[in-house]
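Asks: Make a model of this:
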Amino acid sequence: MVSVLTPLFILVFIAILTMAQLKAPKMESESLSLANEVVEAVMSRVSMLHCTVLFFTDATTSSTTFFNVINHLRASRGVGVFEAASNGHDKNKTLFRLMSEARRLRQISLCVTVAVVSDDSAFLAAFAEWSLKGRLLQWSTRLLAVTRLPLSDLHHLHEFFSINNAMLLIMENNFGKLKCGVYVHMPYRHKPPVIRVASWTPEKHLKISGYIPLFPEKFYKQVFTILLQLSYFSNHKHSASITTYYDLSIVVLNTKYSSLYLEFICTYFI
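Replies: Just a heads-up that it's a prediction; the model follows:
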């Protein structure tokens, strides 16, 4: 049970839950086989290889490819592989079982990196849905989605990618040459909503595009200082009736934005 946390030990946890007998695809046509170097470059750049790495795939990646990737990654805290067919009437139950097992591994791991590999938009959407229902992802859990689908085919996943600590790795085939783009979906009404933060080519390898780093912080905690001032005075003009005024001032000091001043005047007749 603790073997996932053992340094320098590769734990391969293969959960093959398919409803049909599938033929193993050719390695050169597999997304993960093509993106092997890119995935390793991204993970090593942000020290993700010091965490447990969990792979999710839709049964289109051969076991040979996974063993090659695992051997190339050399993740020090173990690798888990979860495989499920993207079709079949029992897909929801299958994904629920996968998320339950993966969540157990996350709970006993110091840190976790999740990589989902698929060229099927329906499978990616199902993964997004069941990862939320299964409470697989936390902000400390980094998610890397690897696909050959164009960005225009993934607009329905914008909300999922924007609220999680996630990046999207898209492989492009330009005149027979592999080129990869790394994208980040920003929350709220950020302009632009999707930012290309890095690119990869066999010649230039991984190159950061601009000022936004890999897996950037999307949400910031605002520190507020609240000062309460309470003052009052009494009117004793009439001995039978005493009027007391309470003046409550609230000053909110924000470290990032301008100060906000609120004043409430409450009058009580006694």
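Asks: Point out where this structure drops to low pLDDT.
Replies: 1-29, 86-89, 220-270 (pLDDT under 70).
Asks: show me where the stretch 51-200 of the chain has helices.
Replies: Taking DSSP state H, counting those that start in this stretch as the test, the helices found in the stretch 51-200 of the chain are 63-73, 91-107, 121-133, 158-163.
Asks: Turn the ones you listed into a markdown table, including mean neighbour count and distance to C51.
Replies: The way it works is simple: take the backbone N, C-alpha and C, and place the C-beta from them, glycine included. A markdown table is the format used below for the helices of the stretch 51-200 of the chain (neighbours: other C-beta atoms under 10 Å; distance: least, C-beta to C-beta, whole Å):
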| stretch | mean neighbour count | distance to C51 |
| --- | --- | --- |
| helix 63-73 | 17 | 11 |
| helix 91-107 | 17 | 10 |
| helix 121-133 | 19 | 17 |
| helix 158-163 | 17 | 20 |
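Asks: Now render those as a markdown table, adding distance to F56.
Replies: Shown next, in a markdown table, are these (distance: least, C-beta to C-beta, whole Å):
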| stretch | distance to F56 |
| --- | --- |
| helix 63-73 | 12 |
| helix 91-107 | 7 |
| helix 121-133 | 6 |
| helix 158-163 | 14 |
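Asks: and of these, who's closest to A115?
Replies: helix 63-73 (9.3 Å; C-beta to C-beta).
Asks: Do a quick rundown of the strands in the chain.
Replies: 12-17, 52-57, 79-84, 112-117, 142-147, 166-174, 177-185, 194-201, 205-208, 224-238, 241-254, 260-269 (DSSP state E).
Asks: for the third one, which positions count as buried?
Replies: By 16 or more other C-beta atoms under 10 Å, the buried positions in strand 79-84 come out as 79-84.
Asks: What sits closest to M48 if chain neighbours are left out?
Replies: T113 (4.4 Å; C-beta to C-beta, 6 or more residues apart in numbering).
Asks: what does the domain assignment say about this protein?
Replies: What automatic domain parsing lists as the domains of the chain is 2-208, 224-269.
Asks: quick one, what contacts the residue nearest to M48?
Replies: 43, 48, 51-54, 141-144 (C-beta atoms under 8 Å, 6 or more residues apart in numbering).
Asks: wait, H156 sits on A125?
Replies: Yes: the criterion here is C-beta atoms under 8 Å, and H156 meets it with A125 at 6.4 Å.
Asks: do you know how far V79 is from L105?
Replies: V79 sits 10 Å away from L105, going by C-beta to C-beta, to the nearest Å.
Asks: How about V184?
Replies: V184 is 26 Å from L105, by C-beta to C-beta.
Asks: same thing with N71?
Replies: Counting by C-beta to C-beta - N71 and L105 are separated by 20 Å.
Asks: now E217
Replies: Plainly put, E217 is 25 Å away from L105 if you go by C-beta to C-beta.
Asks: how many other residues sit next to F219?
Replies: Counted with other C-beta atoms under 10 Å, residues neighbouring F219 total 9.
Asks: can I assume it is in contact with Y188?
Replies: No: using C-beta under 8 Å as the test, F219 is too far from Y188 to be in contact (9.7 Å).
Asks: Tell me the bridge partners for V53.
Replies: V79, T113 (DSSP bridges).
Asks: Same question for K179.
Replies: What pairs with K179, by the bridge criterion (DSSP bridges), is E172.
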